[in-house]
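# Provided below for reference: sequence and predicted model.
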Amino acid sequence: MTKKKLLIFGVSGLTGYKIAKLAEESYDVHGTYNQRFLSLENCIVHKVNLSNKDEVYKIFLSVNPDLVINTTALHNVDYCEEHNGQAIDVNVTAVKRLREDAERFGCKLIHISTDYVFDGNNNKPYVESDQASPISFYGKSKLDGEKILEGSRHIVVRPSVVYGWTPLELAGNTSSSGKPMNFALWVLTKLNKKEPIKIVTDQFASATLADSLAESILKIAESNKSGLYHVSGLSCESRYDFTIKLAEKFGYDTSLVSPTTSASFVQKAKRPSYSCLDCQRAIQEFGLKLLTTEEALDIMKTQVEKEAPHLLGNR
């Protein structure tokens, strides 16, 4: 039986990498990268500049995919605040281009958005129908990208603070916006060097393990549904509380982690103080098995033990 063809835009990023690894048994996997090259077993990798309409069309023509997953984004929040044109190009215009080509080739598109489309004024986890009102240019550009897919047969997935183990980020392969690694991996590298870190207590989110997000996206892809879905971790907690759990799980001294508030940081872009997500709609419609922070960190720790044991504390 011939496998369906999957085309992942941004396969060298954390989520794209996890999707490619999980999809290899079910799909003929192709992936694109722009700056961060990778060699991935059972995935044919192509260099594609999403800003180039002809290059995007040519990869669709070459692969003729059944399913397209867009994991790309200019997601350095402060960088987007000062580079509006680039943010629009990657987070908005590229989505329009992908929708046009997906419809031209008759394939389904799943696009990943963000919890930063919300202003943070809620006191309970956001549902899909809550008003989106971003307070940063990054959030605004991602919301504009979502709007391009409204009313289509395609799917938008909103996660929150995506993290996880990947050897690509540890190798120092930065993204085009200069973001070197996800939050959890950044914390581990700091603690591993015994460097004290200050983490905010007044920003709450539903941190999302990339492996869980990848698994959920592939499950969603099996359905004929369309629309907007929240897919994140099940725990709603501050960055500080998450960091303490991470330090404890990996065997580090939690005294290296000190609490602070966002007011103590000078940042170009505003962050929502509360962006936890309610995922019940996606859980019920797709039968997803989402994870608490404790469950997710167990998975990440197992991977680190196998592939980068030097990152563990108590060695």
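Now that the structure is in, tell me what you want to look at. The shown structure was predicted, so the numbers you read here are calculated from the model rather than taken from an experiment.
# Give me the residues contacting the lengthiest helix in the chain.
Longest among the helix segments of the chain by residue count, using DSSP state H, is helix 293-307. The contact list for helix 293-307 (CB atoms under 8 Å, 6 or more residues apart in numbering) reads 163-165, 167, 184, 188, 207, 209, 211-212, 233, 235, 237, 242, 245-246, 249-250, 291, 311-312. The way it works is simple: take the backbone N, C-alpha and C, and place the C-beta from them, glycine included.
# again, only this time at 6 Å
Under the criterion CB atoms under 6 Å, 6 or more residues apart in numbering, residues 164, 165, 209, 211, 233, 235, 245, 249, 311 lie in contact with helix 293-307.
# how about it: buried residues?
Neighbour-count burial for helix 293-307, counted by 16 or more other CB atoms under 10 Å, picks out 293, 296, 297, 300, 301, 304.
# With just CA atoms, put it into PDB.
The C-alpha trace of helix 293-307 is given here as PDB (Å, rounded to 0.1, in the frame of the first residue of the first chain):
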ATOM      1  CA  THR A 293       3.700  19.000  33.100                       C
ATOM      2  CA  GLU A 294       4.800  16.100  35.300                       C
ATOM      3  CA  GLU A 295       3.900  13.600  32.600                       C
ATOM      4  CA  ALA A 296       5.500  15.600  29.900                       C
ATOM      5  CA  LEU A 297       8.800  16.100  31.900                       C
ATOM      6  CA  ASP A 298       9.000  12.300  32.400                       C
ATOM      7  CA  ILE A 299       9.000  11.900  28.600                       C
ATOM      8  CA  MET A 300      11.600  14.600  28.100                       C
ATOM      9  CA  LYS A 301      13.800  13.300  30.800                       C
ATOM     10  CA  THR A 302      13.800   9.800  29.200                       C
ATOM     11  CA  GLN A 303      14.900  11.300  25.900                       C
ATOM     12  CA  VAL A 304      17.700  13.400  27.600                       C
ATOM     13  CA  GLU A 305      18.900  10.300  29.500                       C
ATOM     14  CA  LYS A 306      19.300   8.500  26.200                       C
ATOM     15  CA  GLU A 307      20.700  11.200  24.000                       C
END
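# if we can go back for a sec, among the buried residues of helix 293-307, which two are most distant?
Among the buried residues of helix 293-307, the pair separated by the greatest distance (CB to CB) is 293 and 304, at 15.7 Å.
# related to what we said a few turns ago, of the contacts of helix 293-307, which belong to helices?
211, 245, 249.
# Distance of residue 165 relative to residue 282?
24 Å (CB to CB, to the nearest Å).
# In the chain, what helix or strand scores lowest on average pLDDT?
helix 167-170 (a mean of 80; mean pLDDT, DSSP states H and E).
# How about that helix, which residues are buried there?
Across helix 167-170, burial judged by 16+ other CB under 10 Å covers 168, 169, 170.
# Can you name every helix or strand that it contacts?
Contacting helix 167-170 under the criterion 3 or more CB pairs under 6 Å, 6 or more residues apart in numbering; DSSP states H and E is no other helix or strand.
# which outside residues touch it?
38, 181, 185.
# ok, and for the helix or strand following it, which residues are buried?
Using DSSP states H and E, the next helix or strand after helix 167-170 towards the C-terminus is helix 183-192. Residues of helix 183-192 classed as buried: 183, 184, 185, 187, 188, 190, 191, 192 (neighbour count, 16+ other CB under 10 Å).
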